[in-house]
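Asker: Need coordinates for the following:
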Amino acid sequence: MIRRLILSFAVLSAASVAAAQPVAVYGKNVWTGTAQGTITDGVVVIDNGRIVAVGPASTRVPAGATEVRAEWVTPGLISAFSRTGLSEVSGVDDTNDAGAGSSAFSAALDAADGFNPDATPIAVTRLAGFTRIAVAPQASSKLFGGQGFLAETSGLPGSVFRERAFSFIVLGESGANLSGGSRPAAWAALRGAFDDVRFFGARFMTHSEGNVLTRMDAQALMAAVKGDQLIVFQASRASDLEAIMDFKEQNPSLRIAIVGADEGWRVARRLAALEIPVIVDAFSNLPASFSQLASTAENAKRLSEAGVTVAIVNLDNDSHLARLATQIAGNAVANGMSFDAAMRSLTTAPAEIFGMSGLGTLAPGGRADVVAWDGDPLEVTSAPQAVYIDGESQPMESRQTKLRDRYRTLDESQRPLAFRR
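Answerer: From the prediction side, this is the model:
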């Protein structure tokens, strides 16, 4: 029944998109993420959920098109790593589906099963210009966190558009703690798990457990081991990154990305040579642990200049504050990263890492995820004026804005009884 309702809703949504008027989004600056670069006094034309034209303001616009005018126009931003929608109140277990510390399963845990498109942080994230999010489970009992997914931030049913988009595996300090107390234990677990998958028939023919994984976990990890699914490894220390790169060279068919990579700048050339993308918090510049002793505010800059594909995210309170990635990217620019590289880290780089075709750029034929801004997107005082997902105008309100609007103009007679004198 639920599946039929979602399908009906999707059909209705598709019909509304088809019937919608074209939209022309004019910007004094249009950052395209393509060879067109930034167009001064440009326009992006949207029709039927797609971008149909990107060019100077003189570009032909369909008759009757809705016009939006802004200081800046960009593709919809993409959060390359978050737990948005998995937790409403982090400290209340009943509302937190990010991790499962007591579960007998690990790699088989599918984070999409816990996604709530109505969660408060979804709208907050959308209002900051993010139209797509990559959501990862939290590794709580073993180094295999489970299956991550991709979603849009419309807040509508069916907004998860790719389940099991990647496997999430924790190494480094955290992986050691989850594997018995040491990095050798973590690597033994990882290699043992890969063997469980590769020899699945022999291991699970007569019993339901391998050396490391249960049958269900081994089945869930199979696509990643074969190279058919992206693996996102979490690690920060240079030696941990080197070990992951060794593993990649031993298993060349693997598709991998690394989240964290605080000491990535130290091994940037090798990362670039192996074409391993990194997802970094460019504001992580202090030795918060022994894995981050060489962290620096120039990490994103140095990685980018070495030719590494870099996505920038906020890893501090990643369930509620994914939106701060723009501020962090702005700090990366302040520390030497080019503006274009910082913008790519929020758009084209995440799209490339997760294979989001038609997203992350403003180009004819692309999906119409478009954001109109009242100022420079990387300035902390700027904000979106309008957000489009697949050409659909999105509500520019959240629970926070509703509370603000409700209470900032109350007179004494309208105040709740508890606040009256």
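Asker: so who does Ser87 touch?
Answerer: Thr95, Asn96, Asp97, Ala98, Ala119, Pro121, Ser319, His320 (C-beta atoms under 8 Å, 6 or more residues apart in numbering). Any C-beta I mention is one placed from the backbone N, CA and C, and that applies to glycine too.
Asker: For the nearest residue to the third one once chain neighbours are set aside, grab phi and psi.
Answerer: Right, Asp97. Closest residue in space to Asp97, ignoring its immediate chain neighbours: Gly114 at 3.0 Å, by C-beta to C-beta, 6 or more residues apart in numbering. With angles defined as degrees, to the nearest 10, Gly114 sits at phi -110, psi 0.
Asker: I'd guessed Gly330 sits against Ser382; true?
Answerer: No. With contacts defined as C-beta atoms under 8 Å, Gly330 does not count as touching Ser382, sitting 9.4 Å away.
Asker: out of those two, which sits in the busier spot?
Answerer: Shown here are Gly330 and Ser382; by other C-beta atoms under 10 Å, Gly330 has more neighbours (22 against 17).
Asker: Which positions within the one helix or strand the more buried one maps to qualify as buried?
Answerer: In this assignment (DSSP states H and E), Gly330 forms part of helix 325-334. For helix 325-334, burial by neighbour count (16 or more other C-beta atoms under 10 Å) applies to Ala325, Thr326, Gln327, Ile328, Ala329, Gly330, Asn331, Ala332, Val333.
Asker: What of stretch 362-373?
Answerer: So for stretch 362-373, counting by 16+ other C-beta under 10 Å, buried means Leu362, Ala363, Gly366, Arg367, Ala368, Asp369, Val370, Val371, Ala372, Trp373.
Asker: If you tally nearby residues, what's the number for Ala119?
Answerer: Neighbour count of Ala119, defined by other C-beta under 10 Å: 20.
Asker: Show me which residues of stretch 273-281 are buried.
Answerer: Ile276, Pro277, Val278, Ile279, Val280, Asp281.
Asker: Now intersect those residues with the helices, please.
Answerer: Judged by DSSP state H, helices contain none of these.
Asker: want to throw these into CSV with pLDDT?
Answerer: CSV is the format used below for the buried residues of stretch 273-281 (pLDDT from 0 to 100):
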residue, pLDDT
Ile276, 98
Pro277, 98
Val278, 98
Ile279, 98
Val280, 98
Asp281, 96
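Asker: what's the closest of those residues to Leu150?
Answerer: The closest of those to Leu150 turns out to be Ile279 (C-beta to C-beta; 13.8 Å).
Asker: show me where the stretch 101-250 of the chain has helices.
Answerer: 120-127, 172-178, 183-198, 200-204, 215-226, 238-250 (DSSP state H, counting those that start in this stretch).
Asker: Check which helices and strands the fifth one sits against.
Answerer: Just to be clear, that refers to helix 215-226. With contacts defined as 3 or more C-beta pairs under 8 Å, 6 or more residues apart in numbering; DSSP states H and E, the packing partners of helix 215-226 are strand 144-152, strand 160-170, helix 183-198, helix 200-204.
Asker: ok, and what's touching the last one?
Answerer: The set of residues external to helix 200-204 that reach it, using C-beta under 8 Å, 6+ apart, is Asp196, Gly210, Asn211, Arg215, Ala218, Gln219, Met222.
Asker: before we move on, what about the longest one?
Answerer: Taking C-beta under 8 Å, 6+ apart as the criterion, the residues outside helix 183-198 that touch it are 107, 142-144, 169, 171-172, 175-176, 178-180, 203, 210-213, 217-218, 221-222, 225, 240, 243, 247, 251.
Asker: Give the buried subset of these as a PyMOL selection command.
Answerer: Entered in PyMOL, the line below selects the buried ones among the contacts of helix 183-198, by 16+ other C-beta under 10 Å:
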select buried, resi 107+142+143+144+169+171+172+175+176+178+179+203+210+212+213+217+218+221+222+225+240+243+247
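Asker: ok so Ala70 is a strand residue?
Answerer: Yes. Ala70: assigned to a strand according to DSSP: H, G, I helix; E, B strand; the rest coil.
Asker: so what's it bridging to?
Answerer: Counting by DSSP bridges, Ala70 forms beta bridges with Gly27.
Asker: so how many other residues sit close to it?
Answerer: Neighbourhood size, Ala70 [other C-beta under 10 Å]: 20.
Asker: now the contacts of Ser87: which count as buried?
Answerer: Counted by 16+ other C-beta under 10 Å, these give Asn96, Asp97, Ala98, Ala119, Pro121, Ser319, His320 as buried.
Asker: Which single one of the residues you listed is nearest to Glu71?
Answerer: Out of the buried ones among the contacts of Ser87, the member with the shortest distance to Glu71 (by C-beta to C-beta) is Pro121, at 26.3 Å.
Asker: Okay, the closest one and Gly375: tell me how far apart.
Answerer: For Pro121, the distance to Gly375 (C-beta to C-beta, to the nearest Å) stands at 23 Å.
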